[in-house]
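Asks: Make a model of this:
(2 chains)
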Amino acid sequence: MEEQYQPHRIEAAAQAYWEEKQTFRAHEDDPRPKYYCLSMFPYPSGRLHMGHVRNYTIGDVVSRYKRMQGHNVLQPMGWDAFGLPAENAAIERGVAPAAWTRENIAAMREQLQRLGFGYDWQRELATCDPDYYRWEQWLFIRLYQKGLVYRRTAVVNWDPVDQTVLANEQVIDGRGWRSGALVEQREIPQWFLRITDYADELLSGLDALPGWPTQVCNMQRNWIGRSEGVELRFAITGRDEQLTVFTTRPDTLYGVTYMGLAPEHPLSLELAESNPQIAELVAEARTGGTAEADLATREKRGADTGLTAIHPLTGQPIPIWVANFVLMGYGSGAVMAVPAHDQRDWAFARAYGLPIEPVVYPGDGSDLDISEGAFTAPGVLVDSGPFSGMPSERASAAIAERLEAAGQGERRIQFRLRDWGVSRQRYWGAPIPMIHCPHCGIVPVPEAELPVVLPEQVDLSGGGSPLRSMPEFYATTCPQCGAAAERETDTFDTFMESSWYFARFACPDQHQAMLDERADQWTPVHQYIGGVEHAVLHLLYARFFHKVLRDEGLLHSDEPFTRLLTQGMVLKEGVKMSKSKGNTVDPQALVDRFGADTVRLFTMFAAPPEQSLEWSDSGVEGAARFLRRLYALVRDHLAHGDLPADGEPLSTASLDSEQQALRRKVHETIVKASDDIGKRFTFNTAIAAVMELSNALAKAVGEADPVTRRIVREGVEAAVLILAPITPHLSHHLWSALGHTTPVVDAPWPQADEQALARAEVELVVQVNGKLRGHVTLPVGADEATAREAALAEANVQRFIEGKAIKKVVLVPEKLINVVAQ
RNA sequence: GCCGGGAUGGCGGAACUGGUAGACGCGCUCGACUCAAAAUCGAGUGGGCUUCGCCCAUGUGGGUUCGAGUCCCACUCCCGGCACCA
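Replies: Numbering: from 1, shown residues only, chains lettered A, B, ... in the order given. As a prediction, this is how the structure comes out:
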């Protein structure tokens, strides 16, 4: 071994070895159990950032650990290559999005390779490749024929100065990011996928995902937002039409004191023509961004229509208001307002002096106080006609039955989830394979003509999608009637590509079909790893696609990802690293300076994967220092000469107490690290345990006693094996230096020796009234009376129980004794 | 606004099932080596005090318990998502 740890030489050698042996190629016919470990593929922005390094290190650690556990591991990598940044780069720097993207991919692939991630590069894919997106187009047409695709109008952010559609991200405080113009909402025809057809299954499927973090399941549950309630109709005084509303609280029906209409509701629009106050609300609703966060934080405003609705049960007139907190996108765009029992209705009623009539009282007999807010809990009904005195739940059912019997309403299940709008008025995306024929209407592109290829030589200086001014792209003939027709110039939402890439990795070379039988062999992904920011959208769309692919017969499982790990963000000085804040750390510079193993080690050591990670330059130096010490430990151990390769197994009985303690440390470390890496994914504590072990071994490495040396050998081998998934290059080198001919990447994960873990005695904590007062050492298995006697005999304990009566003694075996004295 | 999460020494974090708060690392202090510095090695390191030990201490305020960082209630601040950023 060289005197000094030279990470760059070691890393280059290890990477060359893996490349030569094609170590990470995954083969379907390998008899070992398959394990598919996937990290969310990156958007090729140009360079890796620390978030990528963290994500992919976690994935690589899991993959290499599973390999050592005897699995046939698939760990692929690809590129989520369509998206807005490429268009922005094109506008700002005059480079074509395709060229920019492909250069970025090349640069980032090189960076990933330098970090030593064990990917099967044979399966690499980029979503901007027509070989990839053609199958998305193919599927879209299948879904269109099946009725899962439809077209309707939906609102977009329109920048009236730049004459272009803006993404929500490009709308800042209601204004266009470049022009600064007040953004308007425009309705344009768009393509939708009927994800709501799968709402029930997407919801119930969450119960079958024990390997997902509960907070992600909760977020998806809330997003889908299943609610049971009643849809009922209110007649409008003097008019023919009725107002349809949905409520989850039919028990509060007698407390309705006004109706709320969305500004976009057809009735609001009609009234706006003659009522300037309503017109103002309608106009206001049409400016600013479409993002829900913008809408929900607007000041609550409203206007009286002068119309009244008729209460379906009492026949009383109820004023109808236009209210900007009522959203046209949910339900019917109208609500019945019960200010006494709904907080939003309460606030609006307060602001406009509308009556608040309580009809539900707390069931526990306490007083009802609605002076500071609504009472939203269930209770007992009052002032509710024949339903007075009923508890909320029974009243809800009874009122629903009454409405149904009278033909005034029906019980219904409502979802918050909306259908997925997949049209984007942008260039750098997969073309939507549809043709608009003046005679036949919408006609899908025939399968034989797929893919509809996105032209890559384009001019983006004009603003908006260049496809719209490229007849060579859009001009075509109708597949049905042969007349001149136009292609759809909208492209797909990039979430489309990322909704099925995990399955395509199983068979990226399949050119006759979207997927083949290999997709069923590898999926569902055993372990998926990515940022928590994807908890709802990406992960819900991917689940939806998986079910759609199943129903198309292309897959035969119900869920795409068996286990999910959501990693936290990488912060510096407490805030997210970002170019705009100028607080980024370039992983490449760190790899150049310290080597990949140090970067990987620090990233895994600094925090558990689900928490945010605070960046620390001196922490990285600490990681480098540890690797140098580990290197020196192995070097110094080997410098004392060879050990008999196959001596008698070490037996606990023949060891002195120091040797027993050291050997116990070795095996305790194996137990802890196996649990931490294999089950808990707390790589930071596994590393801390190896550091403790290495500190203990360093104290013993100078001893000449052959038995001690054998224990040290056992210990350094355990340390090298445990670290192999985290610092694979150094472990590769040290494992070979320790005389092994099989590479560490294929070595079996270490097993703890039960005998080495055994102890003769154990130290117990002694408390008096819950406060630590001393320690006693007892033989393992000592009975309660012995423990009690020893605890009470402890000098410091005596001081604290003197003159007091012992009320009881709590004993936690092998851990703690608490003397309760008074 | 709605949904989800977080808060522990000077810093990152540990404490897994309610049972010794602060493992491990960083930083800092002192010492060794050195002409000196860096690197390296060794020792110490939550605050306070009357220091064989005691008191205080896990965002704030309450509660449950023999015992609470951990469970419950109410709050504060920070972070993620909110359907066209990916």
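
Asks: For A:Glu784, report the pLDDT, please.
Replies: Per-residue pLDDT puts A:Glu784 at 87.

Asks: Below-threshold pLDDT in the stretch 1-150 of chain A: ranges please.
Replies: By pLDDT under 70, the stretch 1-150 of chain A has no low-scoring segment.

Asks: mind listing what's buried in stretch A:47-55?
Replies: For stretch A:47-55, the buried set under the neighbour-count rule, 16 or more other Cβ atoms under 10 Å, comprises A:Leu48, A:His49, A:Met50, A:Gly51, A:His52, A:Val53, A:Arg54, A:Asn55. For every residue, glycine as well, the C-beta is placed using N, CA and C.

Asks: Just the C-alpha atoms of that stretch, please, in PDB.
Replies: Presented in PDB, the C-alpha positions along stretch A:47-55 are these (Å, rounded to 0.1, in the frame of the first residue of the first chain):
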ATOM      1  CA  ARG A  47     -24.300  20.800 -14.000                       C
ATOM      2  CA  LEU A  48     -25.100  18.600 -11.000                       C
ATOM      3  CA  HIS A  49     -26.100  20.300  -7.800                       C
ATOM      4  CA  MET A  50     -25.800  19.000  -4.300                       C
ATOM      5  CA  GLY A  51     -29.400  17.900  -4.300                       C
ATOM      6  CA  HIS A  52     -28.600  15.500  -7.100                       C
ATOM      7  CA  VAL A  53     -25.500  14.300  -5.400                       C
ATOM      8  CA  ARG A  54     -27.500  13.600  -2.200                       C
ATOM      9  CA  ASN A  55     -30.300  11.900  -4.100                       C
END
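
Asks: That stretch near RNA strand B anywhere?
Replies: No: with Cβ under 7 Å from any atom of the strand as the criterion, RNA strand B is not reached by stretch A:47-55; the gap is at least 10.3 Å.

Asks: still on that earlier bit, need the buried residues of stretch A:47-55 in a markdown table with distance to A:Glu552 and secondary structure, can you?
Replies: As requested, the buried residues of stretch A:47-55 are exported to a markdown table (distance: Cβ to Cβ, whole Å; DSSP: H, G, I helix; E, B strand; the rest coil):
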| residue | distance to A:Glu552 | secondary structure |
| --- | --- | --- |
| A:Leu48 | 35 | coil |
| A:His49 | 36 | coil |
| A:Met50 | 39 | helix |
| A:Gly51 | 34 | helix |
| A:His52 | 33 | helix |
| A:Val53 | 37 | helix |
| A:Arg54 | 35 | helix |
| A:Asn55 | 30 | helix |
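
Asks: For the stretch 301-450 of chain A, which residues are neighbours of RNA strand B?
Replies: A:Gln343, A:Arg416, A:Leu417, A:Arg418, A:Trp420, A:Gly421, A:Ser423, A:Arg424, A:Gln425, A:Arg426.

Asks: now the stretch 501-650 of chain A
Replies: A:532-538, A:569, A:574-576, A:605-608, A:611-614, A:616, A:618-619, A:621-623, A:625-626, A:628-629.

Asks: same thing but 6 Å
Replies: For the stretch 501-650 of chain A, the residues in contact with RNA strand B (Cβ under 6 Å from any atom of the strand) are A:532-534, A:536-537, A:569, A:576, A:606-608, A:611-612, A:614, A:616, A:618-619, A:621-622, A:625, A:629.

Asks: what's the helix or strand bottoming out on mean pLDDT in chain A in contact with?
Replies: Least confident helix or strand of chain A, by mean pLDDT, DSSP states H and E, is strand A:575-576 with a mean of 78. Residues outside strand A:575-576 that contact it (Cβ atoms under 8 Å, 6 or more residues apart in numbering): A:Met569, A:Val570, A:Lys581, A:Asn583.
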